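Asks: Using only what follows, build the 3D model:
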Amino acid sequence: MSLDRIINTLPMPKEFFEVASSTETRNRVNVDIIRYQPNNKISPNNEHITIVMDSGENLISYNNYSFKEGGNLPDDQSAIETAVNILNQILPDYSKYLSYMRTDYQYRSYTNVEGKQVEIPVMWIKFAHNNGTYNWVTLGPNSAIIEIEIESEWDYMHGRRSTEMWNNDDWVLARRGEGPQLQAPSALA
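Replies: Numbering: from 1, shown residues only. This is a model prediction of the structure:
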């Protein structure tokens, strides 16, 4: 799926534009990380969308921190069906080998352009792939797509994720030595 198709398939506010891009290593391969925002000022955990793609233009990660408060979470079965449909649409061949694991209820937040903290409840819908990786779709109120993560590897010895978290501002700051190390289950920076 090309970047243009990803942008046309997944939520992307019209006022957002590309503000940063880089190539980094994730699971021992190079990936492209692209950040979109409504303004040029990048500050940690602000309103943004991050897309991570592999060299074959496959979506690896999508994080939507442009959501609005309000609305209701879908019921469990509808959420699972929505997550499966999203994965089938984005990676049809890959998604054939996914098995549903569980749904966790969590929260996501960011600071909007007015400096206000925006927080919503989410459903984190996790799948296992037969290649041993974990994958998930996170849905917010009204089934809004908040996150998609493909091929996240786990460090069983240390009880935490081993896949680099280029889509997480706090992890990137820790990686640069500009912020504290994240607690497990987040990956070591």
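Asks: Looking at the protein, which helix is longest?
Replies: The longest helix of the chain (DSSP state H) is helix 76-90.
Asks: Who are the packing partners of that one?
Replies: Contacts defined by 3 or more Cβ pairs under 8 Å, 6 or more residues apart in numbering; DSSP states H and E place helix 76-90 against helix 3-9, helix 92-95, strand 98-111, strand 117-129, strand 134-139, strand 145-152. Glycine gets a C-beta too; all of them are placed from N, C-alpha and C.
Asks: Just put the ones you listed in a markdown table and tack on distance to residue 179, mean pLDDT and mean neighbour count.
Replies: Conversion of those to a markdown table gives the following (distance: least, Cβ to Cβ, whole Å; pLDDT from 0 to 100; neighbours: other Cβ atoms under 10 Å):
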| stretch | distance to residue 179 | mean pLDDT | mean neighbour count |
| --- | --- | --- | --- |
| helix 3-9 | 28 | 84 | 14 |
| helix 92-95 | 33 | 96 | 13 |
| strand 98-111 | 15 | 98 | 14 |
| strand 117-129 | 18 | 98 | 18 |
| strand 134-139 | 23 | 98 | 22 |
| strand 145-152 | 21 | 98 | 22 |
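Asks: Tell me which of these lies nearest to residue 29.
Replies: strand 145-152 (9.8 Å; Cβ to Cβ).
Asks: and the angle for the closest one with strand 117-129?
Replies: 40 degrees (axes from the mean of the first three to the mean of the last three Cα atoms, to 10 degrees).
Asks: The helix or strand following strand 145-152 pairs with which strands?
Replies: As assigned by DSSP states H and E, the chain's next helix or strand after strand 145-152 is strand 154-155. Paired neighbours of strand 154-155 in the sheet (DSSP bridges): strand 160-161 (antiparallel).
Asks: any idea of the mean pLDDT for the strand it pairs with?
Replies: Here strand 160-161 scores 96 as its mean pLDDT.
Asks: ok, back up a step: give me the distance between the longest helix of the chain and the centre of its chain.
Replies: From the chain centre to the centre of helix 76-90 is a distance of 15 Å (Cα atoms, centre = their mean, to the nearest Å).
Asks: how about that helix: buried residues?
Replies: Using 16 or more other Cβ atoms under 10 Å as the test for burial, helix 76-90 gives 79-80, 82-84, 86-87, 90.
Asks: related to what we said a few turns ago, tabulate the helices and strands packed on helix 76-90 (JSON lines), appending distance to residue 171.
Replies: Formatted as JSON lines, the helices and strands packed on helix 76-90 follow (distance: least, Cβ to Cβ, whole Å):
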{"stretch": "helix 3-9", "distance to residue 171": "22"}
{"stretch": "helix 92-95", "distance to residue 171": "24"}
{"stretch": "strand 98-111", "distance to residue 171": "15"}
{"stretch": "strand 117-129", "distance to residue 171": "17"}
{"stretch": "strand 134-139", "distance to residue 171": "16"}
{"stretch": "strand 145-152", "distance to residue 171": "13"}
